[in-house]
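K.L.:
Turn this into a model:
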Amino acid sequence: METHSEKKTAMLSESMLYTLRYTFNRMDKDQNGSIDREEMQAALKKANIDIPEEEWKACLTRFDRNQNSCLEFDEFVQIAEEHARPAVSKTHFSDKLSRGVETLSMLYHDEDYYRKHPAYCQFKTFANAGTSGMASAALLQPVDTVKVQLQMGAQGSPLSVARSLGIGGLYSGVSAALLRQATYTTARIGIFQTSLAQLSDMEGGGPSVATKTGCAIFAGALGAVVGTPADMALVRMQVDGRLPVADRRNYTGVGDALLRSVKERGVPGLFAGCGPTVTRAIAMNVGQLVSHDQARQMMARAGMEKTGNANIFGSSLIAGLVGSLMSLPFDAVKTRLQQMKPDPRTGALPYRGVVDCAAHIFIKGGVLSFYRGLGPYLGRQLPHSVLTFVFISKLMNMERHLEMQLEFEKNRSNLPSGYLS
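P.N.:
Numbers count the residues shown, from 1 in each chain. As a prediction, the model looks like this:
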């Protein structure tokens, strides 16, 4: 006759049992071998899951064989087993707990792994951000080029502008776009996530909206300064083909654009439009990163698994929309300042600065002129936001899964007797 332990092993893999034991031990704050409602509630709160009193009582009625108003590991595993059986009617509690355990195991792993390998984890955060941004930019470069052309006064629909540019024109500036993502996106998302994690530990518990906003402002400003040279080169390369033949710079690549900028205007020329780039980045970061984090939490509370595709896609879409609406006016000013050229006779620049440029745009076309090119801007920012955050999430999940599997294999031979039962 099969023992309960043998049934468990048949139903759940050893690595799953290891994850359950690891999570159970972290939830068991007083280390007495059982979890009461307070410990369960405190742990699941980290996963944005609430356990009402009536659900806890129903759980105890069904699974608490020892009648001690707590869950021991054996009973904890039974709930996971129920959820693993495809033909069994699952309780609402078992569904909640299974989602919570999956999220908690990842949160606990991330906390423990960061304590053991802080430098590697910080590097990974920045690398994931940059890699995801570069992949998204490469896919969406044609849309970004059309957006810039419309902002610079190109006539016609986005489709007609794209046709006039051709394939080569649509991908003009792609090298600068990749460099921009490698600098700007790496910095703004990497700094946001690492600084948010540090401040969350100091505050104890989840970070407030004010904390997230402060981190987004700091990360956006610093990331913009780092990424301004590449951003300037990108804009110039994208609009060069629309200029009269005599005025074209005919850049051969991002390196050529940067070097010629230094020759023409000195090192400060690399930071042309840095002011509006910083303000745009702050608006984008606050709108995108804060709304993304808030949306993920709200969706998780509504029952959408935090690491699930629906949550990732939905929160990324919201982030892209909010970030786009907040940043486009600043983007319009930034583009004009970065592209301006001195008058050949007087040497005077068309705009004296951010305020003067914004005033010219407003006087010429009113408030709506700041949103010229909104269609292609959304067409680029929404997919870019979704792709970037999806890529980041998938990279993190792949890395986490590999790390957890390696931890299990590493500790497997040293597990105490009965650890998985």
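K.L.:
Pop the domain breakdown of the chain in here.
P.N.:
The chain breaks down by automatic domain parsing into domains covering 13-115, 120-388.
K.L.:
Figure out which of these is closest to Arg412.
P.N.:
Arg412 lies closest, by Cβ to Cβ, to one member of the domains of the chain: domain 13-115, at 7.6 Å. Where you see a C-beta, it was placed from the backbone N, CA and C, and this is true even at glycine.
K.L.:
Dump the domains of the chain into TSV; add mean pLDDT as well.
P.N.:
TSV is the format used below for these (pLDDT from 0 to 100):
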stretch	mean pLDDT
domain 13-115	84
domain 120-388	84
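K.L.:
Wait, Ser200 touches Cys215, no?
P.N.:
No: between Ser200 and Cys215 there is no contact under Cβ atoms under 8 Å: 9.6 Å.
K.L.:
quick one on the thing from earlier: any idea which of the domains of the chain is most buried?
P.N.:
Comparing those by mean neighbour count (mean count of other Cβ atoms under 10 Å), domain 120-388 ranks first with a mean of 19.
K.L.:
Could you point out the helix or strand that follows the strand or helix carrying Met237?
P.N.:
Taking DSSP states H and E as the criterion, Met237 maps to helix 209-239. Per DSSP H and E, helix 209-239 leads on to helix 254-265 as the next helix or strand towards the C-terminus.
K.L.:
Which strands or helices does that following helix pack on?
P.N.:
Counting contacts by 3 or more Cβ pairs under 8 Å, 6 or more residues apart in numbering; DSSP states H and E, helix 254-265 is packed against helix 174-180, helix 209-239.
K.L.:
Quick one: list the elements packing against whichever helix or strand comes after the shortest one.
P.N.:
Read in the C-terminal direction, the helix or strand following helix 174-180 is helix 186-203, with elements assigned using DSSP H and E. Counting contacts by 3+ Cβ pairs under 8 Å, 6+ apart, helix 186-203 packs against helix 118-151, helix 209-239, helix 274-285.
K.L.:
which helices and strands sit right next to the last one?
P.N.:
Just to be clear, that refers to helix 274-285. helix 186-203, helix 209-239, helix 309-339, helix 354-365.
K.L.:
As CSV, the ones you listed with distance to Pro276 would be great.
P.N.:
As requested, the helices and strands packed on helix 274-285 are arranged in CSV below (distance: least, Cβ to Cβ, whole Å):
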stretch, distance to Pro276
helix 186-203, 16
helix 209-239, 9
helix 309-339, 4
helix 354-365, 5
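K.L.:
between those helices, which gets nearest to His83?
P.N.:
So among the helices and strands packed on helix 274-285, helix 309-339 is nearest, using Cβ to Cβ, at 18.9 Å.
K.L.:
That closest one vs helix 118-151, what angle?
P.N.:
Orientation note: helix 309-339 sits at an angle of 60 degrees relative to helix 118-151 (axes from the mean of the first three to the mean of the last three Cα atoms, to 10 degrees).
K.L.:
Can you give the distance from helix 309-339 to the centre of its chain?
P.N.:
13 Å (Cα atoms, centre = their mean, to the nearest Å).
K.L.:
again, but for stretch 96-109
P.N.:
Here stretch 96-109 shows a centroid-to-chain-centroid distance of 20 Å under the convention Cα atoms, centre = their mean.
K.L.:
got the CA positions of it in CSV?
P.N.:
Provided in CSV are the C-alpha atoms of stretch 96-109 (Å, rounded to 0.1, in the frame of the first residue of the first chain):
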residue,chain,number,x,y,z
LYS,A,96,-4.9,31.6,-3.6
LEU,A,97,-2.3,29.7,-1.6
SER,A,98,-0.7,28.1,-4.7
ARG,A,99,-0.5,31.5,-6.4
GLY,A,100,0.9,33.0,-3.3
VAL,A,101,3.5,30.2,-2.8
GLU,A,102,4.7,30.6,-6.4
THR,A,103,5.1,34.4,-5.9
LEU,A,104,6.6,34.1,-2.4
SER,A,105,9.1,31.5,-3.4
MET,A,106,10.4,33.9,-6.1
LEU,A,107,10.4,36.9,-3.7
TYR,A,108,12.2,34.9,-1.0
HIS,A,109,14.7,33.5,-3.5
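K.L.:
what's that stretch in contact with?
P.N.:
By Cβ atoms under 8 Å, 6 or more residues apart in numbering, the surrounding residues in contact with stretch 96-109 are 19-20, 22-23, 26-27, 43-44, 46-47, 49, 51, 55, 59, 79-80, 83, 300, 305-307, 400, 403-404, 407.
K.L.:
In three-state terms, label the residue nearest to Gln297 when sequence neighbours are not counted for me.
P.N.:
Distance criterion Cβ to Cβ, 6 or more residues apart in numbering; nearest residue to Gln297, sequence neighbours excluded, is Asn48 at 5.6 Å. What DSSP: H, G, I helix; E, B strand; the rest coil gives for Asn48 is coil.
K.L.:
Going forward, the N-terminal residue is numbered 549.
P.N.:
Sure thing, new numbering starts at 549, so read that last one as Asn596.
K.L.:
picking that back up, and the helices and strands packed on helix 802-813 as TSV, adding distance to Asp643?
P.N.:
Below are the helices and strands packed on helix 802-813 laid out as TSV (distance: least, Cβ to Cβ, whole Å):
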stretch	distance to Asp643
helix 722-728	43
helix 757-787	29
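K.L.:
out of those helices, nearest to Gly801?
P.N.:
helix 722-728 (5.2 Å).
K.L.:
Can you name the residues in contact with the closest one?
P.N.:
In contact with helix 722-728 (Cβ under 8 Å, 6+ apart) are residues 682, 685-686, 689, 692, 775, 778-779, 781-782, 785, 801-802, 805.
K.L.:
Out of those, flag the one nearest to Ser941.
P.N.:
Nearest to Ser941 among the contacts of helix 722-728, with distances taken as Cβ to Cβ, is Met682, at 16.2 Å.
K.L.:
Might one say that the closest one is in contact with Ala730?
P.N.:
Yes: counting by Cβ under 8 Å, Met682 does reach Ala730; the two are 6.0 Å apart.
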